[in-house]
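[1] need the 3D shape of this:
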Amino acid sequence: MRARKLIESASFGPETLNTLFQAFDQAWAILAPRYGSDATAIEAARTRLANILLSLARADSRDAGALKDAALQQYLAATGGR
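    Prediction:
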């Protein structure tokens, strides 16, 4: 999937990448029901979420919950709640 590849290719160490993947998976679990089975919408939403997470991440990011919360807040603001 494109979103996970975006995160995987980021210039962060393994610990930060692990935190990013945790945050992504937690956030996506909350957002996924909004998109049903529309593969195109799902891929677009996952890519947007990954990009938001990457924009929030720092090399010392270790708190997946805080990243998830910040990413969800930005995602929902950018999409008008969808």
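
[2] quick one: the helices in the chain, in order.
    Remark: helices assigned in the chain by DSSP state H are 2-8, 14-31, 39-56, 64-79.

[3] now those helices in a markdown table, with mean neighbour count?
    Glycine gets a C-beta too; all of them are placed from N, C-alpha and C. Formatted as a markdown table, the helices of the chain follow (neighbours: other Cβ atoms under 10 Å):
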| stretch | mean neighbour count |
| --- | --- |
| helix 2-8 | 15 |
| helix 14-31 | 17 |
| helix 39-56 | 17 |
| helix 64-79 | 17 |
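
[4] any chance of those in JSON lines, with mean pLDDT too?
    Formatted as JSON lines, these follow (pLDDT from 0 to 100):
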{"stretch": "helix 2-8", "mean pLDDT": "94"}
{"stretch": "helix 14-31", "mean pLDDT": "97"}
{"stretch": "helix 39-56", "mean pLDDT": "97"}
{"stretch": "helix 64-79", "mean pLDDT": "96"}
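
[5] you'd agree residue 46 is up against residue 25?
    No: using Cβ atoms under 8 Å, residue 46 is not in contact with residue 25, being 10.7 Å away.

[6] which neighbours do these two have in common?
    In terms of Cβ atoms under 8 Å, 6 or more residues apart in numbering, residue 46 and residue 25 are not both contacted by any residue.

[7] check contacts around residue 56.
    67, 70, 71, 74.

[8] go again with 7 Å.
    By Cβ atoms under 7 Å, 6 or more residues apart in numbering, the contact set of residue 56 is 67, 70, 71.

[9] with respect to residue 52, which of those is nearest?
    The nearest member of those to residue 52, counting by Cβ to Cβ, is residue 71 at 4.9 Å.

[10] how close does residue 51 get to residue 61?
    15 Å (Cβ to Cβ, to the nearest Å).

[11] kindly apply the preceding question to residue 55 instead.
    Taken as Cβ to Cβ, the span from residue 55 to residue 61 is 12 Å.

[12] so how far is residue 77 from residue 48?
    Relative to residue 77, and taking Cβ to Cβ, residue 48 is found at 12 Å.

[13] so residue 64 sits against residue 23, correct?
    Yes: with contact defined as Cβ atoms under 7 Å, residue 64 counts as touching residue 23 (4.4 Å).

[14] much appreciated, bye for now.
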